[in-house]
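> What shape does this take:
(one chain, ligands or ions: 1)
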Amino acid sequence: MTAFWHHHHLRRALAREPRLERFERRDSLAPTVRRALKTAAYRDCDHRCVYCGWDMPYTDATLDHVQPIARGGRSQPGNLVVACGPCNRLKADQHPQDFFSRWPSAGENFIRYARAVNRTLKRTARRAVSLAWAAAEAA
Ligand SMILES: [Zn+2]
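Sure thing, here's the model as predicted:
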């Protein structure tokens with residue numbers, strides 16, 4: 001198999017992939033920038049996973065975009081928190097309001113520990129949590 005053939009074939013395979021949305025799937029932060037943002041988020045979140053409340057060691061913390069990058073979220077302090085690996089994977093690329101509607105206790109922890117996030121994100125969490133509890137009571 002020639003390199004050309006392989007390259008050509010790969011390009012065709014990629015062309016058949018559904019087009020990515022307007023936004024990048026993953027951030028392209030330089031490692032030093034990423035570490036600085038994680039350190040700041042870890043401090044701002046009181047060393048907690050903002051979704052399950054675990055007081056976690058730094059090495060277990062992962063940087064999480066509250067509004068996912070795939071949905072237009074930015075790599076800025078107001079959109080960044082730390083979360084443990086399992087919570088980060090559970091949340092994945094969900095909109096925060098969808099995630100907090102499904103997991104209102106995660107929303108309550110978020111309201112408590114994500115102290116440095118944008119006010120709009122906190123408002124989103126408060127609304128999703130109260131609607132979720134109201135729906136649970138009505139059921
Ligand atoms: Zn967690």
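
> got the CA positions of stretch 42-53 in CSV?
The C-alpha trace of stretch 42-53 is given here as CSV (Å, rounded to 0.1, in the frame of the first residue of the first chain):
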residue,chain,number,x,y,z
TYR,A,42,-8.7,23.7,42.4
ARG,A,43,-8.1,26.6,44.9
ASP,A,44,-11.4,28.4,44.0
CYS,A,45,-13.4,25.1,44.3
ASP,A,46,-12.0,24.5,47.8
HIS,A,47,-10.2,21.4,46.6
ARG,A,48,-13.6,19.7,45.9
CYS,A,49,-15.1,18.0,43.0
VAL,A,50,-17.8,20.5,42.4
TYR,A,51,-20.3,17.8,41.4
CYS,A,52,-19.9,15.1,44.1
GLY,A,53,-18.2,17.2,46.8
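
> Give me the mean pLDDT for the biggest helix by length in the chain.
Looking across the chain with DSSP state H, the single longest helix is helix 119-138. For helix 119-138, mean pLDDT rounds to 94.

> Quick one: list the elements packing against that helix.
Other elements packing on helix 119-138 under the criterion 3 or more Cβ pairs under 8 Å, 6 or more residues apart in numbering; DSSP states H and E are helix 96-102, helix 104-113. C-beta: built from backbone N, CA, C; applies to glycine.

> The ion contacts on this structure?
Selection of the chain residues close to the ion by Cβ under 5 Å from the ion yields Cys49, Tyr51, Cys52, Cys84, Cys87.

> what are the phi and psi angles of the first one?
Dihedral angles of Cys49 (phi, psi; degrees, to the nearest 10) stand at phi -70, psi 120.

> What of the third one?
With angles defined as degrees, to the nearest 10, Cys52 shows backbone torsions of phi -110, psi -10.

> what about this protein, any weak spots by pLDDT?
Residue ranges of the chain with pLDDT under 70: 1-26.
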